[in-house]
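curious how this folds, go ahead:
(2 chains)
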Amino acid sequence: MTPSEQHAQVIGDVAADVQAGERRAVVVDSPPGAGKSTFVVDMAADLTELGTVPIVAQTNAQADDLVRKIRSGHSDLVVGRLVGSADPDVPHDKSTLISKQVADLAGCDIVVATGAKWGYVEDVHYEVGIVDEAYQMRSDQLYFVADLFDRALFVGDPGQLDPFTPADDSRWKGHPDGPVSPAVATVLHHLPETPVHRLPVSWRLSAKCAPLVSEAFYPTMPFRAGSDETERALTATISAGGGSTDDAIDEAISNGWAYLELPEAIVPTTDTLAVRAVVGLAVRALERELEAKDTPRDEGAVDGSRIAIGVVHRDQRAVVRATLDQVGKDKGIDVSPITVNTANRLQGREFHLVVALHPLSGRAAASEFHLETGRLCVLLSRHRHSCIVVSRAGVPELLDAHPMAAPIWLGAPIPVPDGWEANQQVIAALEEYKVLA
Amino acid sequence: MSAVDVLLAIEAATSGQVQRRTTVRHRHLEPEPLVIVAYRMAGEAGAPLGVMYGTSRDAPSLLVAPEPRSIGIRFRDVMNPFGEFLCNWLDPFVEEREMRQARHRVVEDCINAPQILVPNHATAGFVGAVLGRSLRYLRTEGDGAVPETTVLAGNHFTWFEQQSALEGSCVLLAATDLLRRHFATGQSDLEDEDLHVLLSWVDPPAGKTGAEAAAEMELARHSGDKPGAGPTPDADWDRDVLDPLLEVFNEQRAGSNDKEVVDRLSGDIITAVGDALAHSWDATWRAHEILLEMLPGNTVEDRWESDRRAWTYHADRVRDGWAFFRIKDTAKQAAWMISNREDALTALEAGEALDDPLVLAGLVAGGEALIGEVTALDRDNKEQGPKNMVTRPLIDLELGEPCPLPIGSTSYWTVRPGKAKVEVISVDGSSVGLKVVAGMTGDLPEPGTIAAFADLTFSSIPRPKAPQATPWTHVGAETPSIESEGPDDTE
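Coordinates of the predicted model:
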């Protein structure tokens, strides 16, 4: 089967399950870039024959994205954007209604709002709802919205970051229906008969990059790339001038991955050498005027808006941004379109080239936070073409020397994949693409 | 750990002197809290060997179960009298009320909330979670019946446990937590959990540094001169002191649990346990004394007021004979509890940072807050709103270092937290342009002054209305029943 046929088959199965209505919940697991939001929008459009379809998004930005997607793909539908206070970033036209009151949106085919906003909605009831990014929704939030509909389709990426709270939630550890558990975990716990479908194809990750991400982060739900090696390519207009930065960029251009390894050292999170390295790679990639081939889109220049630098901590983001702006200023290059953000904030985003600072780079010990697979998975799965990982040497030794010190909670599901193992696997796989700084 | 805390820990380690982490006290302290010091049997999580307690340093009470593995002895000599004491001590807190006019009705608030102070984190867990859970489901009739006050004490302990899980709550405090919040030592967190060693850092004898005093204390602990602060058993003390006495006691009583026999033979064990607990008793009160001397922060009483409200709710349930707790939370309770915890944490972080420049400095060092000189204020700046032109004052801030916050991030002026909200609209090196996006009509920082901005607020988002019945996504496997809330669902 071609990737398109595989994808279509799963979508057909999901649609059949939802239409049959025998199960109150249907879950769709989606690897990165598997066409999840297109799927959500198309599914919502299909379901409008049963009445208004509510979509539960997790953030206002995600809700706005969905509304724009409905507008462009299903211009015949009237879509409502239910908001709290924010001024949504959606087209203002006759087919897009915006309101703080759900009553104003009664005639809409689809109504989109965040889970937080849906929680305050009363006196409406729908037959089927769609929960998008359902692995990032907290169980306690689902508690306040679930009664809005009789049945629901939960769609999300199980490999990304789990929801969290800054407060102490140890009381509910090991309870799949604890308030901070992912909504999907709660549903599967209480409704174990729920069918779980898996989207089999990543349209984002290239044929060169998909296997590493699939094997390390999705061992129980392997996926393939939707494109083959002839359909995707990066080329540099300006040839390499020598040096490890150019070598790493060349490696990433030819193989999809590159791993720029810095000398081993234990350093603060705002490691000056690592910050200069990630900034240097992003700026140099701009200077070398990369061109992207992306059949059938056949895209052109990789400008700043196609490049992201992914980091782990907010203080890293601050110092990378400041350094990037300074280097841009010195060289007279406009670096403002380049995205710099933490893994958390890069969820759901897509770029051509991602420069990622490894979560364990330069650390003295591996903490639970740094071992969370979702964090590394997000950083390593945002790119259509290439990803360059930057790290201090010594990550495998660090992992070996520091067994997990985090408590084990009775009843807690064993994380799949295990953070320690996924980290080892990734770093071992990246060894092949290593460039020494 | 903020960069400021790391710096203070390094300074403490290099100088051997404890460093203040705060300029004020961030927790409410009663002048006469109930201090509880306990020691439990090795391998028996819920079996106290001895408990020393009281509200006055000079008049401790002592209960000892010379053989805690005997349920009869444990309950008769410790659990039941301790439960009775606790209920009697709490009785005035439950009963003494003052009237308050609420929105639609008059409510009777408790005049004050009770406060329990224990030596360390482990004791807090022991008297809260462990004793609460082990006592609150016992029967008051039939086989193994215990007095009602023992069961009620279990429910009280559970309330203390649950309330103290709210960050900043002061109903059940551990002296080690209190000292660590206010002082940085040069040792690890794990070492700081030993109250005797921690207190040596904070309060060394004259002529010694904290590090020297702590090292000596550790040696004394290892030589068995000073057992640990409990309730976790001290292996040396168990082997050298307790075990020989216990062997003699069990041999002589020959299986008898008889009160007269036990009382006659237990004198040596009671003396030994009393001596051991006295060290922790003194240390806990010394910590209390040190902390009580500090000036409290401005928002400390607001947080104690939250404790008092919560206590009133519990006290009302006690008066109505309905102060029960489930084994497993319902979805509704869990949603309510986690959001309470999040609100409490937000309020505590805001309160500590706004009351204390040392805490705010940690936020600035971590790139979460801005502090700098106001170089310009344009109060009358207008921009196009959704309908009309709206006023959006502009503030220019000179930080003296690169701005850690990206454009678009929002925070509050620390003089009007939760009200004067600004958005970062431009960054040029160390100069930052801020736009006031909420609270523009009140005071704003004037040019020439130093102003700080941080994402701190005391206002919490109101909670959605809970569904009448548990929704379909949260019902099914192992759902706690909604109808019964009480002893019926103990199994």
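
biggest strand in the chain by residues?
I went with chain A, as the question did not name one. In chain A, with assignment by DSSP state E, the single longest strand is strand A:383-392.

looking at chain B here, not the other one
The longest strand of chain B (DSSP E) is strand B:369-378.

adjacent strands (with direction) for that one?
Neighbouring strands of strand B:369-378 in its sheet, by DSSP bridges, are strand B:394-398 (antiparallel), strand B:450-454 (antiparallel).

hmm, back to that, what mean pLDDT does the longest strand of chain A get?
Regarding strand A:383-392, the rounded mean pLDDT is 96.

from the middle of its chain, how far away would that strand be?
Centroid displacement of strand A:383-392 relative to its chain, using Cα atoms, centre = their mean, to the nearest Å, is 15 Å.

repeat for stretch A:302-315
Taking mean C-alpha positions (Cα atoms, centre = their mean), stretch A:302-315 and its chain are 14 Å apart.

for that stretch, buried residues please.
Going by neighbour count (16 or more other Cβ atoms under 10 Å in any protein chain shown), the buried part of stretch A:302-315 is A:Val302, A:Gly304, A:Arg306, A:Ile307, A:Ala308, A:Ile309, A:Gly310, A:Val311, A:Val312, A:His313, A:Arg314, A:Asp315. C-beta: built from backbone N, CA, C; applies to glycine.

from those, pick the one nearest chain B.
Nearest to chain B among the buried residues of stretch A:302-315, counting by Cβ to the nearest Cβ, is A:Asp315 at 4.3 Å.

neighbours of the residue in chain A that chain B sits nearest to, how many?
For chain A and chain B, the shortest gap (Cβ to the nearest Cβ) falls at A:His190, measuring 3.3 Å. A:His190 has 23 neighbours, counted by other Cβ atoms under 10 Å in any protein chain shown.

that one and B:Pro471 touch, don't they?
No. Using Cβ atoms under 8 Å, A:His190 makes no contact with B:Pro471, being 9.9 Å away.

secondary structure class for the residue of chain B found nearest chain A?
Closest to chain A within chain B is B:Gly476: 3.3 Å, counting by Cβ to the nearest Cβ. When classified by DSSP: H, G, I helix; E, B strand; the rest coil, B:Gly476 comes out as coil.

can you pull the contacts of it?
A:His189, A:His190, A:Leu191, A:Pro192 (Cβ atoms under 8 Å, 6 or more residues apart in numbering or on different chains).

same check, this time on B:Glu401
The contact partners of B:Glu401, taken as Cβ under 8 Å, 6+ apart, are B:Ser430.

pretty sure it is in a helix, no?
No. Applying three-state DSSP, one finds B:Glu401 to be coil, outside a helix.

which ones among the buried residues of stretch A:302-315 are found in strands?
Filtering the buried residues of stretch A:302-315 for strands - DSSP E - leaves A:Ile307, A:Ala308, A:Ile309, A:Gly310, A:Val311.

what comes up buried for the helix or strand hosting A:Asp46?
If you go by DSSP states H and E, A:Asp46 is part of helix A:36-47. Buried residues in helix A:36-47, counted by 16+ other Cβ under 10 Å: A:Lys36, A:Ser37, A:Phe39, A:Val40, A:Val41, A:Asp42, A:Met43, A:Ala44, A:Ala45, A:Leu47.

before we move on, what about stretch B:37-49?
Quick answer for stretch B:37-49 (16+ other Cβ under 10 Å): B:Val37, B:Ala38, B:Tyr39, B:Arg40, B:Met41, B:Ala47, B:Pro48, B:Leu49.

run the chain-centre distance for that stretch.
Distance, centroid of stretch B:37-49 to centroid of chain: 22 Å (Cα atoms, centre = their mean).

need the CA coordinates for that stretch. CSV is fine.
Presented in CSV, the C-alpha positions along stretch B:37-49 are these (Å, rounded to 0.1, in the frame of the first residue of the first chain):
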residue,chain,number,x,y,z
VAL,B,37,7.6,14.6,68.6
ALA,B,38,7.3,10.9,67.9
TYR,B,39,9.4,7.8,67.5
ARG,B,40,8.1,4.6,65.8
MET,B,41,9.0,1.0,65.8
ALA,B,42,11.4,-0.2,63.1
GLY,B,43,9.4,-2.1,60.5
GLU,B,44,6.1,-0.9,61.8
ALA,B,45,4.9,2.1,59.9
GLY,B,46,1.9,2.9,62.1
ALA,B,47,3.2,1.9,65.5
PRO,B,48,4.5,4.7,67.7
LEU,B,49,6.8,3.7,70.5
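
and it with chain A, contact?
No. Stretch B:37-49 does not reach chain A (Cβ under 8 Å from any Cβ of the partner chain); its nearest approach is 14.7 Å.

quick one: mean pLDDT for that stretch?
Stretch B:37-49 comes out at a mean pLDDT of 88.

residues near A:Lys331, how many?
When neighbours are counted by other Cβ under 10 Å, A:Lys331 registers 12.

B:Ala278 versus that one, what's the distance?
71 Å (Cβ to Cβ, to the nearest Å).

kindly report the same for B:Pro33.
To B:Ala278, B:Pro33 is 18 Å away according to Cβ to Cβ.

returning to that earlier point: quick one: which of the strands paired with strand B:369-378 is nearest A:Leu410?
strand B:450-454 (38.7 Å; Cβ to Cβ).

partner residues bridging B:Asp390?
Wrong residue type there; residue B:390 is Val, not Asp. In beta-bridge terms (that is, DSSP bridges), B:Val390 pairs with B:Glu383.

in the helix or strand where A:Val28 lies, what counts as buried?
If you go by DSSP H and E, A:Val28 is part of strand A:25-29. Using 16+ other Cβ under 10 Å as the test for burial, strand A:25-29 gives A:Ala25, A:Val26, A:Val27, A:Val28, A:Asp29.

now do stretch A:261-276
Applying 16+ other Cβ under 10 Å to stretch A:261-276 flags A:Glu261, A:Leu262, A:Val267, A:Thr269, A:Thr270, A:Asp271, A:Ala274, A:Val275, A:Arg276 as buried.

what does it rub up against?
Residues outside stretch A:261-276 that contact it (Cβ under 8 Å, 6+ apart): A:277, A:312-313, A:315-316, A:319-320, A:323, A:357, A:361-364, A:390-394, A:434-437.

element containing B:Val424, please.
Secondary structure (DSSP H and E) places B:Val424 in strand B:421-428.

okay, that strand in CSV with CA atoms only?
The C-alpha trace of strand B:421-428 is given here as CSV (Å, rounded to 0.1, in the frame of the first residue of the first chain):
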residue,chain,number,x,y,z
LYS,B,421,-0.5,44.3,33.5
VAL,B,422,2.2,45.1,31.0
GLU,B,423,3.3,43.4,27.7
VAL,B,424,6.8,43.5,26.4
ILE,B,425,6.5,45.2,23.0
SER,B,426,10.1,46.0,22.2
VAL,B,427,13.6,44.9,23.3
ASP,B,428,16.8,46.7,22.3
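
how about A:Asp64, what does it touch?
Counting by Cβ under 8 Å, 6+ apart, A:Asp64 has contacts A:Arg81, A:Pro88, A:Asp89, A:Val90.

and the stretch 201-350 of chain A, which residues reach chain B?
So far as Cβ under 8 Å from any Cβ goes, the stretch 201-350 of chain A lies against chain B at A:Arg314, A:Asp315, A:Arg317, A:Ala318, A:Val319, A:Arg321, A:Ala322, A:Asp325, A:Val340.

residue ranges for the helices of the stretch 101-250 of chain A, please.
Assigned by DSSP state H, counting those that start in this stretch, the stretch 101-250 of chain A shows helices spanning A:115-118, A:139-145, A:183-190, A:210-217, A:244-255.
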